[in-house]
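Student: When you get a sec, could you give me coordinates for this:
(2 chains)
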Amino acid sequence: MDINWLTQPGSGGLVVITVLVLCLGFYGSLILWIARAPKDDSGRGEER
Amino acid sequence: MIKQRQQRPVVDPRLIQPILRTGGAYYLLVALLAAVVAAGLYVWIRQIRLGLAVTGMNTPVYWGLYITNFVFFIGVSHAGTLISAILRVTGAEWRRPITRAAEAITVFALIVGGSQVIIDMGRPDRVLNLIRYGRFQSPLLWDVTSITIYLLGSITYLYLPLMPDMAILRDSLPTEAPGWRRRLYRLLALGWHGGAEQRRRLERAIAVMAVLIIPIAVSVHTVVSWIFAMTLRPMWHSTIFGPYFVIGAIYSGIATLLIAMVIIRKAFHLEAYLKPLHFRYLGILLLTFSALWFYFTSAEYLTTGYGGVPPEMRVLNAKLSGEYQAAFWGMVAAMSIAFVVLLLPHLPAPGRIRLPAFRPRFAAATGVAALLVAVLIFNQAGLVTVLTDLNVGPAAPALPWLLAALVALFAVSVLPVLRQNIIAGTVIAAFFVDLGMWLERFTIVVPTETRPMLEGYVIGIYHPSATEWILTAASFAGFVLLYLVFVKLFPIISIWEIREAEEVIPHTVKKQSYLPEVGPMSSKG
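Tutor: This is a model prediction of the structure:
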């Protein structure tokens, strides 16, 4: 694969947008993973 | 260890008092800052309409105050990374009351720092060119990419520990609190229920983010330094810039955090949580980074001076004895004062030597006199005028010695205060660190541009215009304003982390001293 496409005008924008999407995806999924944690079986989790 | 409790926990009212009660001084300060920000907005719109000709920037000085502020604020953003992430990873339990204050500094410093680039562009719409025409080999592109990752990561890292506190506020707000607050906390709590699995996931996520954010932060300021170091300009093209900028960033970040802490402590009466030990430990960190900063700065300038490469010597001379000597020596003075003040509490007691009692008027008089003499010395034209008017021309060579004597007298007069009052000493040093770091950014950015690599070009001239100064003031005001709004909406001390401390901190005297000076916020109501 020819790596030279990375040095062409516009490749930078592709990098920035890709990074933005990946970051939003990773951080967002982390937050949702926490928010969707199941309650305990007893239903008496500590409320804080 | 996560325990399940049956009763509703009690929240220390001091931690939510700042949110619920607002004094007149707060509104006054917000109004003042908003006015400064509004002035900044006005001159920015004017700059967009009239172009960058309203600034002092011109060939060959294309970067001035805006880029100085950009580098400064991105540097300050390293506060959160160090305090929250590094101290968390290393298990420093004393960090708990200060993590949120630090993480908030990170987010707002990144926002304000990033905005400086938009301001500097003159035509903000041209930021789209980065997407349309940006090329991978551009350090500016690396910079945008790394700052984007860091900003999003810092917002996440600020938000994760906030979730349990949002649930606490959701459940503990007094009935008279406005409805919008209840809705806000319910929204941000994202249904937090505090179950064992949820707490386990939160702790895991925070641990992952803490480990991730450290290399991201290091990369951010390294890449910011490469904006300069990857060019071939004299005194920019240096391999030391990467670690030099990172050290300076953490240095200014800790200093900014100390200033924020002392204000929060005083304004919200949080003395039980923000203890002298926090200032002492951060002071030790600041002292360490002060030594590192001096090491890197000396290495940088000594290498340049010893090499004697003509283009670099032109820039070096401009800093040491040319038109930028005030900024350079002001930086050195500020950093030296900070270093000495930070070192004082750690020096052995003078033994038989009795330190003089602190006399505020004497200290103020010598301090002001020293400042006036310093201004005179650096303002050569003014100095000549004053000496001529007073008919004391031959006294000119004695002025530096007079300055040294006044500074020594001032130092001796404030010595007792600085040794005994760890908070005052550390915060005074922090002010000088931030001042010195801003001057350092200016000294790096501007002088090199005035002396291009090729000889024969006319030396560039840069005088920041009123537009630039107003926008600089507005940037600082905006940063403080964002922080004030944050403090009004969210607890500035992490409630759940303090509670967790009571469970996880070993019952040794030292470790227990990290806890707030109240009874534990137990589950017993």
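
Student: State the mean pLDDT of stretch B:458-466.
Tutor: The pLDDT scores in stretch B:458-466 average 90.

Student: Which positions within that stretch qualify as buried?
Tutor: B:460, B:462, B:464-465 (16 or more other C-beta atoms under 10 Å in any protein chain shown). For every residue, glycine as well, the C-beta is placed using N, CA and C.

Student: Excluding sequence neighbours, find me the nearest residue to the closest residue to chain B within chain A.
Tutor: Residue of chain A nearest chain B, by C-beta to the nearest C-beta: A:Gly12 (2.6 Å). Leaving aside its chain neighbours, A:Gly12 sits nearest to B:Gly134 (2.6 Å; criterion: C-beta to C-beta, 6 or more residues apart in numbering or on different chains).

Student: list the buried ones in the strand or helix carrying B:Thr304?
Tutor: Counting by DSSP states H and E, the element that carries B:Thr304 is helix B:276-307. Residues of helix B:276-307 classed as buried: B:278-283, B:285-287, B:289-290, B:292-293, B:296-297, B:300-301, B:304 (neighbour count, 16+ other C-beta under 10 Å).

Student: got the angle between the helix or strand just after it and helix B:276-307?
Tutor: Downstream of helix B:276-307, the next assigned helix or strand under DSSP H and E is helix B:310-320. Counting by axes from the mean of the first three to the mean of the last three C-alpha atoms, to 10 degrees, helix B:310-320 lies at 140 degrees to helix B:276-307.

Student: Only C-alpha atoms, please: export helix B:310-320 in PDB.
Tutor: Extracted in PDB, the C-alpha atoms of helix B:310-320 (Å, rounded to 0.1, in the frame of the first residue of the first chain):
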ATOM      1  CA  PRO B 310      25.600  33.500  14.300                       C
ATOM      2  CA  PRO B 311      21.800  33.300  13.700                       C
ATOM      3  CA  GLU B 312      21.200  31.900  17.200                       C
ATOM      4  CA  MET B 313      23.600  34.400  18.800                       C
ATOM      5  CA  ARG B 314      21.500  37.200  17.300                       C
ATOM      6  CA  VAL B 315      18.400  35.900  19.000                       C
ATOM      7  CA  LEU B 316      20.200  35.100  22.200                       C
ATOM      8  CA  ASN B 317      21.600  38.600  22.400                       C
ATOM      9  CA  ALA B 318      18.200  40.000  21.800                       C
ATOM     10  CA  LYS B 319      17.000  38.100  24.900                       C
ATOM     11  CA  LEU B 320      20.000  38.700  27.100                       C
END
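
Student: Which secondary structure elements does that helix sit against?
Tutor: helix B:276-307, helix B:325-343, helix B:422-450 (3 or more C-beta pairs under 8 Å, 6 or more residues apart in numbering or on different chains; DSSP states H and E).

Student: quick one: stretch B:172-185 near chain A?
Tutor: No: using C-beta under 8 Å from any C-beta of the partner chain, stretch B:172-185 never reaches chain A; the gap is at least 9.4 Å.

Student: Not counting that stretch itself, show me its contacts.
Tutor: Contacts with stretch B:172-185, where a contact means C-beta atoms under 8 Å, 6 or more residues apart in numbering or on different chains, come from B:11, B:16, B:20, B:166-167, B:169-170, B:489.

Student: Run the chain-centre distance for that stretch.
Tutor: 33 Å (C-alpha atoms, centre = their mean, to the nearest Å).

Student: Quick one: end-to-end distance for that stretch.
Tutor: Using C-alpha to C-alpha, to the nearest Å, the end-to-end distance of stretch B:172-185 comes to 11 Å.

Student: in that stretch, what's buried?
Tutor: B:172-173, B:184-185.

Student: farthest pair in the residues you listed?
Tutor: Across these, no pair lies farther apart than B:Ser172 and B:Leu184, at 14.2 Å, counting by C-beta to C-beta.

Student: surely B:Thr222 meets B:Gly248?
Tutor: No: with contact defined as C-beta atoms under 8 Å, B:Thr222 does not count as touching B:Gly248 (11.7 Å).

Student: When these two are compared, which one has more neighbours?
Tutor: Remark: of B:Thr222 and B:Gly248, B:Gly248 carries more neighbours, 27 against 20, as counted by other C-beta atoms under 10 Å in any protein chain shown.

Student: in terms of contact, does that one touch B:Phe294 like I think?
Tutor: No: B:Gly248 lies out of contact with B:Phe294 (C-beta under 8 Å); the separation is 11.2 Å.

Student: Quick check: the residue of the stretch 101-250 of chain B nearest chain A.
Tutor: B:Gly134 (2.6 Å).

Student: Look through the stretch 251-400 of chain B and state the residue closest to chain A.
Tutor: Closest point on the stretch 251-400 of chain B to chain A, by C-beta to the nearest C-beta, is B:Tyr273, at 17.8 Å.

Student: Return a ChimeraX selection command for the buried portion of the contacts of stretch B:172-185.
Tutor: Of the contacts of stretch B:172-185, the buried ones go into a single ChimeraX selection, burial set by 16+ other C-beta under 10 Å:
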select /B:11,16,166,167,169,170
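
Student: out of the contacts of stretch B:172-185, who's near chain A?
Tutor: B:Ala167.

Student: any idea which of the helices and strands packed on helix B:310-320 scores lowest on pLDDT?
Tutor: Note on the helices and strands packed on helix B:310-320: lowest mean pLDDT is at helix B:325-343, with a mean of 90.

Student: Show me what the helix or strand just after that one packs onto, helices and strands only.
Tutor: Using DSSP H and E, the helix or strand that follows helix B:325-343 in sequence is helix B:360-378. Contacts defined by 3+ C-beta pairs under 8 Å, 6+ apart place helix B:360-378 against helix B:325-343, helix B:380-390, helix B:399-420.

Student: okay, the residue of chain A closest to chain B: pLDDT?
Tutor: At A:Gly12, the model reports a pLDDT of 80.

Student: show me what contacts it?
Tutor: Counting by C-beta under 8 Å, 6+ apart, A:Gly12 makes contact with B:130-131, B:133-136, B:138, B:141.

Student: same deal with B:Ser475?
Tutor: Contacts of B:Ser475 (C-beta under 8 Å, 6+ apart): B:40, B:69, B:73, B:112, B:115-116.

Student: What of A:Gly28?
Tutor: Contacts of A:Gly28 (C-beta under 8 Å, 6+ apart): none.

Student: 10 Å instead?
Tutor: By C-beta atoms under 10 Å, 6 or more residues apart in numbering or on different chains, the contact list for A:Gly28 reads B:152, B:156.
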